[in-house]
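Enquirer: fold the following, please.
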Amino acid sequence: MEAVAARDPVPALIRRNTALLAATQVFVGSGIQFTAGLGPLVVVSLLGSPLLAGLAVATTGIGRIIGGYTFGRFSDRRGRRPSIVLGMGIALVGTLCVGSSVQAGWFPGFAFGMIAFAVGMQGVQQMRLAAAEMYPPERRSLILGLMLTVAVGGVIVGPTLVGFSEAVSVATGLERLATPWLLIPVMIIPSMLAVRQVRPDPRRIALNLTAYFPSHRAPAPVQQESGRFGIAEFFADPRRRGAALAMFSAQAAMQMAMVMLPLQLDHHGQTLTAITLSNSIHVAGMFGLSMPIGWLADRVGGRAVLVAGVLIEAAGAAVASGSAEYAVVTFGVFLVGVGWSCANVSSSALVIEHTPPAFRGRAVGTMDSLTSLGVFFPMLVGPIVQWWGVPAAGIAAFALVALPLPYVLHLRGRQPAAA
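Expert: Below is the predicted model:
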């Protein structure tokens, strides 16, 4: 029956909701760039040493840990739309706090703002769940890929905004690393207005999917649709367990690469614009191929794409850390982004597919919080680079991303769209 459901036309209101959610993904792509590309440079500027450069990514990891399950629970109770809008509001406050603290040269305020920004972004991350669960299982990986792909618009917007901010800094005398953060609200506010137009709430659609796709037949529930859903319940399913383990390693290794990139390029005399461009190419790897990756996951299953992602990201870490050439380093971090994309699309699809709608917000939020426990790994980059050099940090990232491979290989394969 699911093969028939794949041919059901997509209702107009679902197409409209998807377009509105997709349009806001530019903000997500730009936000990742700002955190990764500018954060470590701000830490070095405020503290005067690269030893603690990983604190920028680490503080965002703390915010992700706090926000993941919290927003997931809020999303399951109040709906996906309120969760996303609230997250954007918190992110707005965070970015203003970051910008003003950098301007004032106050590191504690910068760290608080980064945590607040990351907490808010976890509410925004419910957007991928909101889009995917409006569709039958055999289409979800493709929709997840779509949501990641359109975020590549941030690759254009991010450097453009940074370039504009440098001109604003010269004209106004503002600190050059503070101005980009103060301009981010230009993207957040229209995104909030767009999400408020999403109706009905995607969670309501997911709970009655057959009304929108008549050929879809929901599987028999494997657990109650109300009650507790925490870490123990999350790990009860081996597919959720494997997805979280793989995403934990992929996220931690990518964060290490994101810290290495600006330090390595800045050390070799690259300009702020060149560093941002390289990071934009990395973000393009994260998002640009997500639709074909999602299409592939719908057809061959999440496990195969998860394995491919681990291998690609490991190769990228090795390439990026093994050269001082701008093009080679940039290609390496592009591969890291592609591998992360494979892991993100397939792990998210597996978790959504194997969790009842009433618990999906908490399931996705739990995975996000668990993957953020790798927050301390980026903090190791500074000491490793200081004492042993960039190649040693690359070896550490390579080992980390390859860690879950044996477990993922032994996961029982799934038939596409089995639930």
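
Enquirer: in contact with Leu148, which residues?
Expert: 25, 128, 286-287, 290-291, 294, 341, 344-345 (Cβ atoms under 8 Å, 6 or more residues apart in numbering). (Each C-beta comes from the backbone N, C-alpha and C, glycine too.)

Enquirer: highest neighbour count among those residues?
Expert: Within the contacts of Leu148, Val345 tops the neighbour count with 34 neighbours, counted by other Cβ atoms under 10 Å.

Enquirer: now the stretch 1-150 of the chain, which segments are flagged as low pLDDT?
Expert: Applying pLDDT under 70 to the stretch 1-150 of the chain flags residues 1-7, 29-33, 36-37, 54.

Enquirer: hmm, try it at 50
Expert: Low-confidence segments of the stretch 1-150 of the chain (pLDDT under 50): 1-5.

Enquirer: name the nearest of the contacts of Leu148 relative to Phe164.
Expert: Proximity of these to Phe164 (Cβ to Cβ) peaks at Gln25, which lies at 20.8 Å.

Enquirer: wait, what's in contact with that closest one?
Expert: Gln25 makes contacts with 127, 147-148, 150-151, 153-154, as judged by Cβ under 8 Å, 6+ apart.

Enquirer: any buried residues in the longest helix along the chain, and which?
Expert: For the chain, the longest helix by residue count, based on DSSP state H, is helix 238-267. Neighbour-count burial for helix 238-267 flags 239-240, 242-266 (criterion: 16 or more other Cβ atoms under 10 Å).

Enquirer: Asp237: neighbouring residues, count only.
Expert: 17.

Enquirer: picking that back up, now the element after the longest helix of the chain, going C-ward?
Expert: helix 272-287 (DSSP states H and E).

Enquirer: list the buried ones in that following helix?
Expert: Across helix 272-287, burial judged by 16+ other Cβ under 10 Å covers 272, 274-287.

Enquirer: quick one: it to helix 238-267, angle?
Expert: 160 degrees (axes from the mean of the first three to the mean of the last three Cα atoms, to 10 degrees).

Enquirer: show me what the following helix or strand past helix 272-287 is packed against.
Expert: Following helix 272-287 in sequence order, the next helix or strand is helix 290-300 (DSSP H and E). Applying 3 or more Cβ pairs under 8 Å, 6 or more residues apart in numbering; DSSP states H and E, we find helix 290-300 packed against helix 137-150, helix 302-321, helix 326-353.

Enquirer: can I get those helices in a markdown table including distance to Val43?
Expert: Formatted as a markdown table, the helices and strands packed on helix 290-300 follow (distance: least, Cβ to Cβ, whole Å):
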| stretch | distance to Val43 |
| --- | --- |
| helix 137-150 | 28 |
| helix 302-321 | 20 |
| helix 326-353 | 19 |
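
Enquirer: for Phe107, which of those helices is the nearest?
Expert: Short answer: helix 326-353, nearest of these by Cβ to Cβ, at 26.6 Å.

Enquirer: what average pLDDT does the closest one get?
Expert: Averaged over helix 326-353, pLDDT sits at 91.

Enquirer: residues of it that come out buried?
Expert: For helix 326-353, by 16+ other Cβ under 10 Å, it's 326, 329-353.

Enquirer: quick one: that helix to chain centroid distance?
Expert: 10 Å (Cα atoms, centre = their mean, to the nearest Å).

Enquirer: cool, stretch 374-388 as well?
Expert: The chain centroid and the centroid of stretch 374-388 are separated by 21 Å under Cα atoms, centre = their mean.

Enquirer: could I get the buried residue list for that stretch?
Expert: Counting neighbours by 16+ other Cβ under 10 Å, the buried set in stretch 374-388 is 374-375, 377-382, 384-385.
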